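Trainee: coords below, sequence missing:
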């Protein structure tokens, strides 16, 4: 394809992604304060972790959610609908990205990226669900630092930004081991290398979890780090099995240049 054709295809993919976001965003605007099909509203879902944290603290800390400006409620509703559209359409826009990259790949590479296209969306949503599960504990830890004679007025817009960061960090973090698998399938990261640096990878995972979690509490850090460690170990096992099946332990991929014949 000519360069102009690639740009046309990229424009078409971006327009599809924009259409997905607009459709789901419009539904999100309706769902923000309504209960379609008997489901809880998006506002109920986003405020549920805060309510659970309040119940945990009970009389120890007095907190009150507020919106501090006139246009705040409208802006909050738009943000809520936008984040819902971004998360709900993640399998669709990941699929569009994969389809754009697909024509430039070799036949065996398409098989590997097909794995990413199928698994990436559910893994991301699983990370988001895990982040939602640990939110009440993280919020209660942060609110617990409020002195007993002080009423904590929590700006709901800032609270929403905190929740979004938490969910996105958990969702993206769960994708990292999947990228490790893809790098192994592409021949970039051998399984032996993952095994050699396993202690440092685990240490780096805990450091990343401690820095990345906005709540800074140990519970949230562990709930992010432990699944990542398990997924990394699973990725290492997969990589070593894959290397053994393809004989990479006998012939390193970096031993021969692309323009040089192997002994075979």
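Mentor: That came in fine, so what should we check first? All figures in this text were calculated on a predicted structure; none of them were measured in a lab. Numbering: from 1, shown residues only.
Trainee: Am I right that residue 63 sits in a strand?
Mentor: Yes. Assigned with DSSP: H, G, I helix; E, B strand; the rest coil, residue 63 falls within a strand.
Trainee: can you pull the contacts of the closest residue to it other than its chain neighbours?
Mentor: Ranked by Cβ to Cβ, 6 or more residues apart in numbering and with sequence neighbours excluded, the top spatial neighbour of residue 63 is residue 152, at 4.3 Å. Quick note: C-beta positions are derived from backbone N, CA and C, even for glycine. Shown in contact with residue 152 (Cβ atoms under 8 Å, 6 or more residues apart in numbering): 61-64, 143, 146.
Trainee: What separation is there between the nearest residue to residue 169 once chain neighbours are set aside and residue 183?
Mentor: If the residues on either side of it in the chain are set aside, residue 169 comes closest to residue 212, at 4.9 Å by Cβ to Cβ, 6+ apart. From residue 212 over to residue 183 the distance is 21 Å, taken as Cβ to Cβ, to the nearest Å.
Trainee: so where's the stretch 101-250 of the chain shaky on pLDDT?
Mentor: 105, 108-109, 111-113, 117, 186, 215-216, 246-250 (pLDDT under 70).
Trainee: can you map out the helices along it?
Mentor: 107-143, 156-173, 176-185, 191-196, 198-212, 218-246 (DSSP state H, counting those that start in this stretch).
Trainee: buried sites along the fourth one?
Mentor: Going by neighbour count (16 or more other Cβ atoms under 10 Å), the buried part of helix 191-196 is 191, 194.
Trainee: follow-up on the earlier one: so if I had to pick from residue 212 and residue 183, which one is more boxed in?
Mentor: A direct count of neighbours by other Cβ atoms under 10 Å for residue 212 and residue 183 places residue 212 higher, at 18 against 15.
Trainee: For residue 168, see how far away the more buried one is.
Mentor: From residue 212 across to residue 168, the span is 10 Å (Cβ to Cβ).
Trainee: Kindly report the same for residue 180.
Mentor: Taken as Cβ to Cβ, the span from residue 180 to residue 168 is 20 Å.
Trainee: same check, this time on residue 157
Mentor: Taken as Cβ to Cβ, the span from residue 157 to residue 168 is 17 Å.
Trainee: on that earlier part again, the residue nearest to residue 63 and residue 227: what is the separation?
Mentor: 31 Å.
Trainee: ditto for residue 171
Mentor: In terms of Cβ to Cβ, residue 171 sits 12 Å off from residue 227.
Trainee: One more: residue 213?
Mentor: Residue 213 is 13 Å from residue 227, by Cβ to Cβ.
Trainee: Looking at these two, which is more packed in?
Mentor: Just comparing residue 213 and residue 227: by other Cβ under 10 Å the higher neighbour count belongs to residue 213, 25 against 19.
Trainee: what sits against that one?
Mentor: Taking Cβ under 8 Å, 6+ apart as the test, what residue 213 contacts is 138, 166, 169, 220-221, 224.
Trainee: Pick the one among the residues you listed closest to residue 70.
Mentor: Residue 70 lies nearest to residue 166 out of these, by Cβ to Cβ, at 27.7 Å.
Trainee: Can you get me a residue count around the closest residue to the closest one other than its chain neighbours?
Mentor: Using Cβ to Cβ, 6+ apart and skipping the chain neighbours, the partner closest in space to residue 166 is residue 131 (5.1 Å). When neighbours are defined as other Cβ under 10 Å, residue 131 has 26 of them.
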